[in-house]
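Asker: how would this look folded up:
(one chain, ligands or ions: 1)
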Amino acid sequence: MSENKKALDLTIIGAGMIVNDLLLPAALQMRREGVIGHITVVDMRSSAVTALRESESLKRAFPDQTFDTCPAPGEPDSSDPELYKKVLAKQKPYQMVIIALPDQLHYTVLKGVLPFNQHILCVKPLVLKYAQAMEIEKEARERGCFVGIEYHKRFDRRSLLARKNYREGRFGEFSLGEARLIEPYYYRHSNCQNWFTCENTDPFVYVGCHYVDLVCFITGLRPVQISVTGRKGKFPNGKEGYLWSNGRVIFENGAILSINNGLGYPNEAGGGNDQGLIMYFEGDDRSGLLDHDDHFRGVEHCYAVGADKAFSYINPDFIREVPYAGPGLKPIGYGIDSVAATLTMSRDIEARVAADPANAPAIRRAAIAEANEKGLIATPENSSYNELVQEAARLSILNGGDLAVIDYSGDRPTVRLKK
Ligand SMILES: NC(=O)c1ccc[n+]([C@@H]2O[C@H](COP(=O)([O-])OP(=O)(O)OC[C@H]3O[C@@H](n4cnc5c(N)ncnc54)[C@H](O)[C@@H]3O)[C@@H](O)[C@H]2O)c1
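Answerer: Okay, the predicted model is just below:
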């Protein structure tokens, strides 16, 4: 099959923070490795794609790589939210698309991309409602399009080890947990202030979802009750958003997970953000413990020359650009592994199709079923509990923290307020 492993072209929709920090570096590295061919980044804001083209960090790491943008250099902003369709109209089918847009746009754009028959990597959360996730799952499966969701914490080695040891029964049964992910204060000054408003999203949905997904990934338990309380505040542009949140998730076995989230880790503090997970387990007349300090990973740097922030904790595990045998720098870490998992999966599916084109639909569907079953890459089917949790969380936070329940008793799970 290896001679059929041809690079797929990639369209990235959105040119914001996550594209600059993670997705484009990962894609450019995959391009070096022959997984990805031509890359086009499309954003309605000309300034966003210009910032990528002019990014010093990208130039330093990838002097040997290129990508195109839409709008092209010198072209103005676009007022067309479907600009990406003009780019996709020029692409061959069964190439790759990465969707990196604000949370509330994912559903519409997923529906817009699928008719072009593209494999898709979508940033988390896939969509905000369970029914929408199921709709995407069905259409993607029928078309033979692989959809992966970028829950990168799954690819952290400590998460993979935790999943293995939990599934082997070594920890005992999950009983009580506490997670936190507080993003830096400077996020409030980023473009997210334009969309991170109360009616669209909140810190629990934005980043708490990573730890909900992770606890489900480790334990396989289904969430059944959610309550989220938010604290509102103003962004620098005057828009109002939930800047802090406290959530509580109850699982089907009665286990309780408490999650604190926010946009407010001090810019001056040591880490890139504050995050971690503690889980307690019931065993056989003894208890189990898992403790992940995800923000201080044992590395401290203090620079004597020229850095904005002289002292910091260095997280070498998520994404770092390091020297390697080739030109520029090589991005490494579980963030890269996570993006690579879906990009490589898509490339490999098309290699199998190239070896047996007459069976293309069956090959693509079998690969999707295999990934659903394996459960490593989050897919619309195997991680749909995330949409149930997000739907319940939004219901709860918009109702002052009232308890929302997920009811699995019917043909399809439903979400409602308890009272
Ligand atoms: N840790 C993580 O997993 C992580 C971190 C950050 C962001 N994200 C997710 O990534 C997504 C984007 O976040 P971000 O921080 O990069 O946001 P951002 O605001 O920096 O970027 C979003 C970009 O989308 C563009 N855009 C909006 N509508 C468009 C359209 N119709 N067509 C083309 N471009 C359009 C905007 O112009 C903007 O440049 C969100 O869903 C967020 O939850 C995930």
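Asker: for residue 237, what are its contacts?
Answerer: By Cβ atoms under 8 Å, 6 or more residues apart in numbering, the contact set of residue 237 is 193, 194. No exception for glycine: its C-beta is placed from N, CA and C like everyone else's.
Asker: Model confidence for it, exactly?
Answerer: On pLDDT, residue 237 comes in at 98.
Asker: Equivalent analysis for residue 3, please.
Answerer: Note on residue 3: pLDDT of 69.
Asker: cool, and residue 305?
Answerer: Note for residue 305: predicted pLDDT of 91.
Asker: and the closest residue to the ligand within the stretch 1-150 of the chain, how many neighbours does it have?
Answerer: Going by Cβ to the nearest ligand atom, the ligand is nearest to residue 16 of the stretch 1-150 of the chain, at 1.8 Å. Counted with other Cβ atoms under 10 Å, residues neighbouring residue 16 total 21.
Asker: for the residue nearest to it when sequence neighbours are not counted, what are its contacts?
Answerer: Closest residue in space to residue 16, ignoring its immediate chain neighbours: residue 191 at 5.6 Å, by Cβ to Cβ, 6 or more residues apart in numbering. Each residue near residue 191 by Cβ under 8 Å, 6+ apart is listed here: 16, 17, 48.
Asker: what's the answer for residue 322, then?
Answerer: Going by Cβ under 8 Å, 6+ apart, residue 322 touches 329, 330, 332.
Asker: would JSON lines of these with distance to the ligand be doable?
Answerer: Compiled in JSON lines, the contacts of residue 322 are given as follows (distance: Cβ to the nearest ligand atom, whole Å):
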{"residue": "329", "distance to the ligand": "21"}
{"residue": "330", "distance to the ligand": "21"}
{"residue": "332", "distance to the ligand": "17"}
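Asker: quick one: which of those sit in strands?
Answerer: Residues of the contacts of residue 322 located in strands (DSSP state E): 330, 332.
Asker: Tell me the one of the contacts of residue 322 nearest residue 147?
Answerer: Of all the contacts of residue 322, residue 332 has the smallest distance to residue 147: 25.5 Å, by Cβ to Cβ.
Asker: Quick check: that closest one touching residue 318?
Answerer: No. At 9.6 Å, residue 332 and residue 318 do not qualify as touching, with contact defined as Cβ atoms under 8 Å.
Asker: who's more crowded, the two?
Answerer: Of the pair residue 332 and residue 318, residue 318 is the one with more neighbours under other Cβ under 10 Å, namely 20 against 17.
Asker: Show me where the chain dips below the pLDDT cut-off.
Answerer: 1-3, 307 (pLDDT under 70).
Asker: Where do the helices of it begin and end?
Answerer: 17-18, 24-32, 46-53, 56-61, 83-88, 106-113, 130-143, 157-167, 203, 209-219, 334-355, 360-374, 384-397 (DSSP state H).
Asker: that older thread, might you report the residue contacts of the residue of the stretch 1-150 of the chain closest to the ligand?
Answerer: When contacts are counted by Cβ under 8 Å, 6+ apart, residue 16 touches 43, 48, 100, 101, 190, 191, 192.
Asker: Of those residues, which is the most crowded?
Answerer: Counting neighbours by other Cβ under 10 Å, the top entry in the contacts of residue 16 is residue 43, with 26 neighbours.
Asker: Tell me the spacing between the residue nearest to residue 117 when sequence neighbours are not counted and residue 8.
Answerer: Distances taken as Cβ to Cβ, 6+ apart place residue 93 nearest to residue 117, at 3.9 Å, with adjacent residues excluded. From residue 93 across to residue 8, the span is 11 Å (Cβ to Cβ, to the nearest Å).
Asker: Up against the ligand, what does the stretch 201-350 of the chain have?
Answerer: Counting by Cβ under 6 Å from any ligand atom, the positions of the stretch 201-350 of the chain adjacent to the ligand are residue 206.
Asker: rerun at 8 Å
Answerer: Proximity of the stretch 201-350 of the chain to the ligand, by Cβ under 8 Å from any ligand atom, involves residues 201, 206, 207, 210.
Asker: how far is stretch 242-256 from where the chain is centred?
Answerer: 20 Å (Cα atoms, centre = their mean, to the nearest Å).
Asker: what residues go with each domain of this protein?
Answerer: Using automatic domain parsing, the domains assigned to the chain come out as 2-153+323-380, 157-315+386-417.
Asker: For the closest residue to residue 272 other than its chain neighbours, list the residues it contacts.
Answerer: Counting by Cβ to Cβ, 6+ apart, residue 315 is the residue found nearest to residue 272 once chain neighbours are left out, at 6.0 Å. Contacts for residue 315 (Cβ under 8 Å, 6+ apart) come out as 271, 272, 294, 295, 297, 299.
Asker: Bridged to residue 292, which residues?
Answerer: residue 277 (DSSP bridges).
Asker: residues contacting it?
Answerer: Per Cβ under 8 Å, 6+ apart, neighbours of residue 292: 158, 159, 162, 276, 277, 278.
Asker: Tell me how far it lies from residue 368.
Answerer: 30 Å.
Asker: Among the contacts of residue 191, find me the one that's closest to residue 363.
Answerer: Once Cβ to Cβ is applied, the member of the contacts of residue 191 that ends up nearest residue 363 is residue 16, at 34.4 Å.
Asker: my read: residue 124 touches residue 153, true?
Answerer: No. Contact status for residue 124 versus residue 153: not in contact, 9.6 Å apart, counting by Cβ under 8 Å.
Asker: Find residues that contact each of the two.
Answerer: Listed as contacting both residue 124 and residue 153 by Cβ under 8 Å, 6+ apart are 210, 213.
Asker: Would you mind measuring from residue 259 to residue 205?
Answerer: Applying Cβ to Cβ, the value for residue 259 to residue 205 is 11 Å.
Asker: Could you do residue 82 as well?
Answerer: In terms of Cβ to Cβ, residue 82 sits 25 Å off from residue 205.
Asker: Compare the two (neighbour count), which wins?
Answerer: residue 205 (27 against 12).
Asker: Which residues are in contact with that one?
Answerer: Applying Cβ under 8 Å, 6+ apart to residue 205 gives the contacts 103, 125, 128, 390, 393, 394.
Asker: Farthest-apart pair in those residues, please.
Answerer: Distance extremes for these: the farthest pair is 103 and 393 at 11.9 Å, using Cβ to Cβ.
Asker: Those two: who's more crowded?
Answerer: Neighbours were counted for residue 103 and for residue 393 using other Cβ under 10 Å; residue 393 has more, 30 against 22.
Asker: Which residue, other than its chain neighbours, is closest to residue 67?
Answerer: Using Cβ to Cβ, 6+ apart and skipping residues adjacent in sequence, the residue nearest residue 67 is residue 39, 3.9 Å away.
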